[in-house]
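Undergrad: starting from these lines, generate the structure:
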Amino acid sequence: MRVELLVVSDCPNEAPAYERLRRALDDTGRSDTLIMVRTLTEDSIGSAAAFAGSPTVLIDGVDPFAEQATPAANLSCRVYRSADGVSGAPSLDELRRVVRR
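TA: Here you go, the predicted structure:
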């Protein structure tokens, strides 16, 4: 499994997204899976077709939360919807669900 976290510089939600993603991988028996963090710039955003705002999680090149998002045209923040409202990162339960697939 290839896991990437696409972020912009100084994203306030990078750390929570990374920590939740790491815990979800560990909790589902994938503790050996590396998380590649890729920081996007204005120049590189076009090469990241799946980028829908910071942070974006990609699993094997696919955004498992794509149905909630629209592609970002610039270096913007992303909002995730959950049963508890909106957040700047997916919940731990949502991340566990997508890494189990």
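
Undergrad: which helix in this protein has the most residues?
TA: When the chain is parsed with DSSP state H, its longest helix is helix 14-27.

Undergrad: and that helix, what other elements does it pack with?
TA: Judged by 3 or more C-beta pairs under 8 Å, 6 or more residues apart in numbering; DSSP states H and E, helix 14-27 is in contact with strand 3-8, strand 35-40, helix 92-100. (Each C-beta comes from the backbone N, C-alpha and C, glycine too.)

Undergrad: average model confidence for the second one?
TA: Spelled out, it's strand 35-40. Strand 35-40 shows a mean pLDDT of 93.

Undergrad: and the angle from it to helix 14-27?
TA: 160 degrees (axes from the mean of the first three to the mean of the last three C-alpha atoms, to 10 degrees).

Undergrad: quick one: distance of strand 35-40 to the chain centre.
TA: Here the centre of strand 35-40 is set off from its chain's centre by 10 Å, with C-alpha atoms, centre = their mean, to the nearest Å.

Undergrad: contact partners of the next helix or strand after it?
TA: Next in sequence after strand 35-40, counting helices and strands by DSSP states H and E, comes strand 56-59. Applying C-beta atoms under 8 Å, 6 or more residues apart in numbering, the contact partners of strand 56-59 are 1-7, 17, 21, 48, 50, 63-65, 69, 78, 90, 95, 98-99, 101.

Undergrad: so which of the helices and strands packed on helix 14-27 comes closest to residue 27?
TA: With C-beta to C-beta, the closest approach to residue 27 among the helices and strands packed on helix 14-27 belongs to helix 92-100: 5.9 Å.

Undergrad: picking that back up, can you tell me which of the helices and strands packed on helix 14-27 is nearest to residue 28?
TA: Judged by C-beta to C-beta, the one of the helices and strands packed on helix 14-27 that comes nearest to residue 28 is helix 92-100, at 5.1 Å.

Undergrad: in terms of secondary structure, what does that closest one contact?
TA: Contacts defined by 3+ C-beta pairs under 8 Å, 6+ apart place helix 92-100 against helix 14-27, strand 56-59.
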